[in-house]
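Enquirer: Here is my input; please provide its structure:
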Amino acid sequence: MAAALSAEKRLTELRPGVSAGQWITLLERESVPGGVLRQCIHRGFGLTRFCADLTGVEYMHRFTGPFAGSGIRFLPDTTAVKVCSDQTLLAVGPKVGHCRIAFDHLILASGCYERPFQSLNAAGTRPSGIYTAGEAQYLINCCHVGIGERAVILGSGDMGQILARRMVLEGKKVLAVIERNSVCGGLPKNRRDCLKQYQIPVILSSTIASVHGEGRITGVTVQNIRTGEEMRIPCDTLISAVGLIPEQRILKGLSKDGRFPDWITLCGNCHHVHKIVDSVTLQAEEAGIRAAEKISSSNATNNVDEKNH
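Expert: Here you go, the predicted structure:
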């Protein structure tokens, strides 16, 4: 939304009198805009952007209102499948069917996907009760579903710490946060407000060696990476927060010597993982301005009605 609004504003400046919103199409695979912010009910957003301590939902609403009134084309429930070298994009959705969209410039703001627990090759079974941090957050905050009573969290980054606190606030027991490094990850603010304030134990230099349970997880074996010493922790929930991978898969085959064509701009977490959403917004707005200036300079006004810019 930040990229689209910024592009619309800059196009309006460059081409007064033109309905700039109609030059821009925003695709969204969910039914409403907002992305992961819709499930972030904790504070810490907007400190630099708005000089306010907002929840993720409140931060999101700073953009949904202006976006709704911008006139920008919005295609919800639409998944981008592949970007092609002829500057077209394949998309699918219940409203658009299977379609091909032509464009002059593409801004990719697809965020990240989570590294799954299975990627760690831990021994044992794969019973129910194992979640990524994003899945757990969505189920708790958006679906109001209880995911377990006694949890172990793998990964002490910001997401792992925030989920640990959320589980405690839900009345659940967080038995331990496991971290493979010798120091706790995440921002100092989260370590203070999440782990220390709620006295959540952290086990450093360790990882989960195996999972136990049939049907439902019953425990994990935690192994010290340095000494090899193991301990078993009974639990009914395992949440993995072991990293994010920038989502660039729809651009497969377009990179040459590590660079994408100049008609593609990446912004936000699909470019690199940002520490705070404020910097995501800043990069997105800069991407919108650059895209608008490229479109305007190319004098691509003759096919406004035929092409999604």
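Enquirer: residue ranges for the strands of the stretch 201-309 of the chain, please.
Expert: Assigned by DSSP state E, counting those that start in this stretch, the stretch 201-309 of the chain shows strands spanning 202-203, 206-212, 219-224, 230-234, 237-240, 244-246, 264-266.
Enquirer: what's next to the third one, contact-wise?
Expert: Contact partners of strand 219-224, identified using Cβ atoms under 8 Å, 6 or more residues apart in numbering, comprise 124, 152, 176, 178, 203, 205-213, 229-235, 238. Every C-beta, even on glycine, is put in place using the N, C-alpha and C of the backbone.
Enquirer: hey, what's the closest residue to A136 other than its chain neighbours bridged with?
Expert: Among residues not flanking A136 along the chain, I239 sits closest, at 5.0 Å (Cβ to Cβ, 6 or more residues apart in numbering). Taking DSSP bridges as the rule, I239 bridges to Y131, I153.
Enquirer: any chance you could map the strands in the stretch 1-150 of the chain?
Expert: Under DSSP E, counting those that start in this stretch, the stretch 1-150 of the chain gives strands at 25-27, 43-45, 54-55, 73-75, 79-84, 88-93, 97-102, 106-108, 112-114, 123-124, 130-132, 150-154.
Enquirer: Now render these as a markdown table, adding mean neighbour count and mean pLDDT.
Expert: Converted to a markdown table, the strands of the stretch 1-150 of the chain look like this (neighbours: other Cβ atoms under 10 Å; pLDDT from 0 to 100):
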| stretch | mean neighbour count | mean pLDDT |
| --- | --- | --- |
| strand 25-27 | 20 | 96 |
| strand 43-45 | 19 | 94 |
| strand 54-55 | 18 | 97 |
| strand 73-75 | 17 | 95 |
| strand 79-84 | 16 | 97 |
| strand 88-93 | 17 | 97 |
| strand 97-102 | 13 | 96 |
| strand 106-108 | 22 | 98 |
| strand 112-114 | 17 | 95 |
| strand 123-124 | 12 | 86 |
| strand 130-132 | 23 | 95 |
| strand 150-154 | 24 | 98 |
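Enquirer: For L244, find the nearest of those strands.
Expert: strand 112-114 (3.8 Å; Cβ to Cβ).
Enquirer: From the chain's centroid, how far away is that closest one?
Expert: Centroid separation between strand 112-114 and its chain, computed with Cα atoms, centre = their mean, to the nearest Å, is 6 Å.
Enquirer: likewise stretch 69-80?
Expert: Taking mean C-alpha positions (Cα atoms, centre = their mean), stretch 69-80 and its chain are 18 Å apart.
Enquirer: which residues does the residue nearest to A136 contact?
Expert: Counted by Cβ under 8 Å, 6+ apart, I239 has contacts Y131, T132, A133, A136, A151, V152, I153, L154, G160, L163, M167.
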